[in-house]
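> Got a predicted structure here, sequence first:
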Amino acid sequence: VVKIPGQLVESALKKAPGSFTLCARDPRFDRELDGAHTYYSQDGCAAFTRDFETGERRASCKQDIAKMALISDYLDTVDIISPTVSAQDAPTAGVVVHELEACFVNSGKHIVTETVASAREAQAQIDLASAVAGGKEKLRERPIFSNFVCTISPLTQDPGGIEAALEFAAAGVPVGLYSMATAGVTSPVTLAGTLAVLNAEVISALALIQLAVPGAKVFYSGGPATLDLRTGAYTASSPEALWLRMMVAELAGFYRLPSIVGTGATSAKTPGAQAAWENTLSYLLPSLAGASLLFGMGLLDGSNLLTYEQIVLDAEIGALVRRVLSGVDFSDDAFATDLIQKLGPGGVFLSQRHTADNMREALSLPLLSDRASYEHWYRNGEHNRVEVARQKVREILAEHRPLSLSESVRQEMADVVAAYSS
């Protein structure tokens, strides 16, 4: 057992930057981790996809990642892309570059990867991203992807994962260590005990990275969960798990570090009511705690099943949460006291210029939610919101085109993928 003196851990963590930018291939999608914003992304490495045409659950493949990235590139609420499923049809040796390639080709947004388990795999992703960025120095200047590596609860670091994290840090790629401590299984059943295990795992790894690469950009990250004592199921959306995930954001704030917090991960098997109530709480609570990046859009069955329309549904939830947390304008113009006095009792504000000038910022418009009358809904086919989300997916896949890559870059990417796939 390696024990690191507390003073050494504290001094090492102070070397880590408290804020930095997640740069994107398309600079319009750069996202500043400044403590004032919460961003949304997918989670990674699910093993199954619900086939969009047949509805059957099947093994995931590279094309699923490509379509997920394209859908997410279109949706304004999705800030960051992550390979949501495993490319099980790709060669085992090169699966991590196949997954990253599918994201780069289909989105101009920043990408967060995981499932990198060795220095070789880290170097593979660095080489691929360097091809896209225009070289390793360009990647260091504007890292267009980042990574997080999972710890092994309780209180264990994966040697290959740590080696990968050090490779990323040395290349200037932001990196985080992500604990999935599960109360009652890999950590004490008590929530405070689980939090203690998670914190020890994360800060020990982050301290190691700072000792090796002082000033490296790092995340404090975690997706703790609980055990359903009736079924033995991993549960990320229980009230206890949601409290733990709020605390991940709080601990990151205590250490003055950006955070990645696992969210979504509903236990529901299909889009619908259970997914809606669990994911709404899952997005809202860590956002209230100041999380930098929420990780988990589009997944069902405890993060094990990608469903395309769930990405759109989760984006709607994220947009609602973001609007609630965006605050209210209390300027003189927003109070509009002159207008109130002018119109007086019984006045109508709808036709006023002030309404036209301010309505788009003052009032949000949903992507999916139905606010029309019952009669309008009935005349137009009585569609539920899942059906509407599926139609939106069809439109995106048919019509959306991401920022393109040049043929020379595509060829260089293909060469990197081929080199690491054998």
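That came through, no problem.
> So which residues of the stretch 1-150 of the chain form strands?
20-22, 31-33, 39-42, 48-50, 57-59, 111-113, 145-150 (DSSP state E, counting those that start in this stretch).
> As CSV, those strands with distance to Ala196 and mean pLDDT would be great.
For every residue, glycine as well, the C-beta is placed using N, CA and C. Compiled in CSV, the strands of the stretch 1-150 of the chain are given as follows (distance: least, Cβ to Cβ, whole Å; pLDDT from 0 to 100):
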stretch, distance to Ala196, mean pLDDT
strand 20-22, 28, 99
strand 31-33, 26, 98
strand 39-42, 27, 96
strand 48-50, 33, 98
strand 57-59, 37, 99
strand 111-113, 26, 98
strand 145-150, 18, 97
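> what number of residues lie near Ser326?
Neighbour count for Ser326, taken as other Cβ atoms under 10 Å: 11.
> Tell me the spacing between it and Leu320.
11 Å (Cβ to Cβ, to the nearest Å).
> for Phe29, same thing?
21 Å.
> Between those two, point out the one with more neighbours.
Counted by other Cβ under 10 Å, Phe29 and Leu320 do not tie: Phe29 has more neighbours, with 20 against 17.
> dump the residue contacts of the more buried one.
79, 108-110 (Cβ atoms under 8 Å, 6 or more residues apart in numbering).
> so what's the backbone phi/psi at the nearest residue to Tyr283 once chain neighbours are set aside?
Nearest residue to Tyr283 in three dimensions, chain neighbours excluded: Val321, at 4.8 Å (Cβ to Cβ, 6 or more residues apart in numbering). Main-chain dihedrals, Val321, degrees, to the nearest 10: phi -60, psi -40.
> isn't Val321 right next to Leu285, touching?
No: the criterion here is Cβ atoms under 8 Å, and Val321 misses it with Leu285 at 9.6 Å.
> With neighbour numbers in mind, choose between the two.
Each of Val321 and Leu285 has its neighbours counted (other Cβ under 10 Å); Val321 has more, 24 against 19.
> and stretch 353-372, which residues are buried?
By 16 or more other Cβ atoms under 10 Å, the buried positions in stretch 353-372 come out as Leu368.
> That one: end-to-end distance?
25 Å (Cα to Cα, to the nearest Å).
> With stretch 171-180 instead?
For stretch 171-180, the end-to-end distance is 26 Å (Cα to Cα).
> so Ala87 makes contact with Ala66?
No: Ala87 sits out of contact with Ala66 when judged by Cβ under 8 Å, with a separation of 9.4 Å.
> With neighbour numbers in mind, choose between the two.
Ala87 (24 against 20).
> Not including adjacent chain positions, what is the nearest residue to that one?
Distances taken as Cβ to Cβ, 6+ apart place Lys62 nearest to Ala87, at 3.9 Å, with adjacent residues excluded.
> OK, contacts around that neighbour?
Counted by Cβ under 8 Å, 6+ apart, Lys62 has contacts 87, 89-90, 98-99, 102.
> hmm, which two among the contacts of Phe29 are most spread apart?
Using Cβ to Cβ, the contacts of Phe29 reach their maximum pairwise distance at Asp79 and Gly108, which is 12.0 Å.
> quick one: the helix or strand containing Gln210 to strand 145-150, angle?
In this structure, Gln210 is located in helix 191-212 according to DSSP states H and E. Angle, helix 191-212 to strand 145-150, by axes from the mean of the first three to the mean of the last three Cα atoms, to 10 degrees: 130 degrees.
> buried set for helix 191-212?
So, applying 16+ other Cβ under 10 Å, buried residues of helix 191-212: 191, 194-210.
> now the strands for the stretch 251-400 of the chain?
259-262, 293-297, 299-300, 305-306.
> can you list the ones you listed in JSON lines and add distance to Thr337 and mean neighbour count?
Below are these laid out as JSON lines (distance: least, Cβ to Cβ, whole Å; neighbours: other Cβ atoms under 10 Å):
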{"stretch": "strand 259-262", "distance to Thr337": "41", "mean neighbour count": "29"}
{"stretch": "strand 293-297", "distance to Thr337": "38", "mean neighbour count": "29"}
{"stretch": "strand 299-300", "distance to Thr337": "48", "mean neighbour count": "28"}
{"stretch": "strand 305-306", "distance to Thr337": "51", "mean neighbour count": "24"}
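> Adding distance to Tyr378 and mean pLDDT, write those out as CSV.
Formatted as CSV, the strands of the stretch 251-400 of the chain follow (distance: least, Cβ to Cβ, whole Å; pLDDT from 0 to 100):
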stretch, distance to Tyr378, mean pLDDT
strand 259-262, 40, 98
strand 293-297, 31, 96
strand 299-300, 29, 97
strand 305-306, 33, 98
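> is it possible to export those to TSV including distance to Thr115?
Shown next, in TSV, are those (distance: least, Cβ to Cβ, whole Å):
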stretch	distance to Thr115
strand 259-262	15
strand 293-297	13
strand 299-300	15
strand 305-306	14
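> Between these, which one is closest to Lys392.
strand 293-297 (14.2 Å).
> So which residue is smack in the middle of the chain?
In the chain, the residue lying closest to the centroid (Cα atoms, centre = their mean) is Ser41, at 2.3 Å.
> There's contact between it and Asp79 in this structure, I believe.
Yes: with contact defined as Cβ under 8 Å, Ser41 reaches Asp79; the gap is 6.5 Å.
> which neighbours do those two share?
Shared contacts of Ser41 and Asp79 (Cβ under 8 Å, 6+ apart): Leu293.
> Can you give me the pLDDT of Pro44?
To be clear, residue 44 is Gly; Pro isn't right here. pLDDT, Gly44: 82.
> residues contacting it?
Neighbouring residues of Gly44 by Cβ under 8 Å, 6+ apart: 82-85, 112-115.
> Which two of the residues you listed have the greatest separation?
The largest separation in the contacts of Gly44, counting by Cβ to Cβ, is between Val85 and Val112 at 14.4 Å.
> what's the residue lying closest to Thr84 once chain neighbours are set aside in contact with, if anything?
Of all residues not flanking Thr84 in the chain, Gln42 sits nearest, at 4.3 Å (Cβ to Cβ, 6+ apart). Applying Cβ under 8 Å, 6+ apart, one finds that Gln42 lies in contact with 68, 72, 78, 81-84, 295-299, 311.
> mind putting these in CSV, distance to Val175 included?
Formatted as CSV, these follow (distance: Cβ to Cβ, whole Å):
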residue, distance to Val175
Met68, 23
Ser72, 22
Val78, 22
Ile81, 17
Ser82, 14
Pro83, 16
Thr84, 20
Phe295, 14
Gly296, 19
Met297, 21
Gly298, 23
Leu299, 22
Ile311, 25
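> From these, pick the one nearest Tyr255.
Closest to Tyr255, out of all of the contacts of Gln42 and judged by Cβ to Cβ, is Phe295, at 18.5 Å.
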